[in-house]
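> structure for the following, please:
(one chain, ligands or ions: 1)
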Amino acid sequence: MYYVDGAWYKPDEPAIFPEDRGYQFGDGIYEVVRIYHGYLYQWDDHMIRLERSAKELSLTIPSRKELTEIAQEVLRQCFLESSEDAILYMQITRGVSDRQFPFPSNIRPVLTMYAKSKSRPIQQMQSGVRAVLIDDIRWLRCDIKSLNLLGASWAKQQAVEQSVDEAILHRNGTVTEATSANLFAVKNDKLYTHPATNLILHGITRQTVIQLAKNLGIPVLEEAFSVNFVQSADELFITGTTSEITPIVELQGARVGDGQVGSIVRRLQEAFENHIIS
Ligand SMILES: Cc1ncc(COP(=O)(O)O)c(C=O)c1O
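The predicted structure is shown next:
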C-alpha cells in the first residue's frame, strides 16, 4: 500500500496529481530509511535531516510525531514480515498549484510514504564493486536531500554504460561523493572523507562510520581530496542507508590497493554489523 496525502492506495491505483510541484520542479524532499527486522533504523537522524532540508527550502512539513505515526501505520499496511529487511521511502513535495516559478503561498505539502522489501547488499559488501570517475554536475546544494536527482541518476547511468557499478563524482578534480552514497578513502591507515559542506549529502551512515572508526582508534580526516589521491588510495568504500559499507575494489579499470577488500573496511563492516543489531 502507498500512503499519499492522507489516503491509502494499492500499487496499481493512480495517486498522482499532475500539477504537484514535485513532478514539475523537483520541489520536494525525501528520506530513505532502513528497516532491519521490522524496526526503523536511525529514524530520529532521518527526521532531523528531513527537518533541516525542509527549513533550507522554506517547506512546511508535518510534525515529527505525525510522521512517526504514519510511518508506523505504513509498516502495518505494507504487511512486512517482522524478519524482513526493507526500506521506507518518504517524500514531501511543496504541494499542488498552477505552474509558476516562485514558491506559491497557501498550498499544502503532499506526503507520500511506503515500505518495500529490500535485501541487504551482502554480495557487494563481501566482494566489493567497480567504479569510474564522473564529473559532478549536480547543483551546489547537495546537502539538501531534494527530489532533484537527475544529475546523480545521469552519473549512475554513465557508470552502468561503462559496465561498472558506481560513479565516483568529482568537481574540477576534487572528489565529492558517489551517486547515492558517501565516499571514504584509506591511505596509510587513515580514513579520509569530504567534509560535510554544501557539496555532499551529510550521510547518516557516513556519520555512523566516522564514529565507529574513532571507536576503533582509526584516525578520520574530513578533508577534500583529489582524483589523484583517490586513485592511489589503499582502500576505498562507499556508505549509505542501502549500500551500508560497500568496498570499491576497482576504479577506472585499475585495482584499488591489491584489488581485494581491505582490512580497515572489514573492521568497519564488522563494527557496523554490531551497531545495527545493538
Ligand atoms: C548523494 C548521496 N550521498 C550520500 C548518501 C548516503 O546518505 P545516508 O547514509 O544518509 O543514506 C545518499 C543517500 O541517499 C545520497 O543520495
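> how about the strands in the stretch 1-150 of the chain?
Remark: strands assigned in the stretch 1-150 of the chain by DSSP state E, counting those that start in this stretch are 2-4, 7-9, 28-36, 39-40, 86-93, 110-117, 129-135.
> just the residues contacting the third one, thanks.
It stands for strand 28-36. Here strand 28-36 makes contact (CB atoms under 8 Å, 6 or more residues apart in numbering) with 21-22, 40-43, 46, 49-50, 53-54, 57, 59, 61, 71, 75, 80, 84-94, 109-110, 115, 144-147, 241-242, 276-277. Where you see a C-beta, it was placed from the backbone N, CA and C, and this is true even at glycine.
> ok so, going back, nearest to the ligand, out of the strands of the stretch 1-150 of the chain?
Proximity to the ligand (CB to the nearest ligand atom) singles out strand 28-36 among the strands of the stretch 1-150 of the chain, at 5.9 Å.
> of the contacts of strand 28-36, buried ones?
For these, a neighbour count by 16 or more other CB atoms under 10 Å gives the buried set as 21-22, 40-43, 46, 49-50, 53-54, 57, 59, 61, 71, 75, 80, 84-94, 109-110, 115, 144-147, 241.
> re the thing from before, restrict the contacts of strand 28-36 to those near the ligand?
Thr241 (CB under 6 Å from any ligand atom).
> so Asp135 touches His170, yeah?
Yes - at 6.8 Å, Asp135 and His170 qualify as touching, with contact defined as CB atoms under 8 Å.
> residues near Met1, how many?
By the measure other CB atoms under 10 Å, the count of residues near Met1 is 17.
> can you check the one 5 residues further on too?
Gly6 is surrounded by 9 other residues when neighbours are defined as other CB under 10 Å.
> repeat for Gln126
12.
> do you know how far it is from Glu244?
Going from Gln126 to Glu244 by CB to CB, to the nearest Å gives 11 Å.
> Glu161 now?
Glu161 is 25 Å from Glu244, where distance means CB to CB.
> show me which of those two is the more surrounded one.
The neighbour comparison of Glu161 against Glu244 (other CB under 10 Å) goes to Glu244, with 23 against 9.
> wait, the more buried one touches Thr205, no?
Yes - judged on CB under 8 Å, Glu244 makes contact with Thr205 at a distance of 6.8 Å.
> residues contacting Pro247?
Listed by CB under 8 Å, 6+ apart, the contact partners of Pro247 are 125, 128-129, 235-237, 256, 261-262, 265.
> could I get the full set of helices for the stretch 51-200 of the chain?
Ranges of helices in the stretch 51-200 of the chain, per DSSP state H, counting those that start in this stretch, are 64-77, 122-127, 150-161.
> in TSV, list these along with mean pLDDT.
Putting the helices of the stretch 51-200 of the chain into TSV (pLDDT from 0 to 100) gives the following:
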stretch	mean pLDDT
helix 64-77	95
helix 122-127	98
helix 150-161	98
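> tabulate the ones you listed (CSV), appending distance to Phe17.
Converted to CSV, these look like this (distance: least, CB to CB, whole Å):
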stretch, distance to Phe17
helix 64-77, 18
helix 122-127, 36
helix 150-161, 21
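> near the ligand, which residues of the chain are found?
32, 152, 177, 180-182, 201, 203-206, 239-241.
> biggest separation within those residues, which pair?
Based on CB to CB, the longest span within the residues of the chain next to the ligand runs between Ala152 and Ile204 and measures 17.1 Å.
> can you put the strands of the stretch 1-150 of the chain in TSV and add mean pLDDT?
Below are those laid out as TSV (pLDDT from 0 to 100):
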stretch	mean pLDDT
strand 2-4	93
strand 7-9	93
strand 28-36	97
strand 39-40	92
strand 86-93	97
strand 110-117	95
strand 129-135	98
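> want to throw those strands into TSV with distance to Pro104?
Shown next, in TSV, are the strands of the stretch 1-150 of the chain (distance: least, CB to CB, whole Å):
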stretch	distance to Pro104
strand 2-4	20
strand 7-9	23
strand 28-36	13
strand 39-40	32
strand 86-93	12
strand 110-117	13
strand 129-135	34
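> of the ones you listed, which is nearest Ile16?
strand 2-4 (8.2 Å).
> what lines up beside that closest one in the sheet?
Sheet pairing of strand 2-4 (DSSP bridges) gives strand 7-9 (antiparallel), strand 110-117 (antiparallel).
> much appreciated, bye for now.
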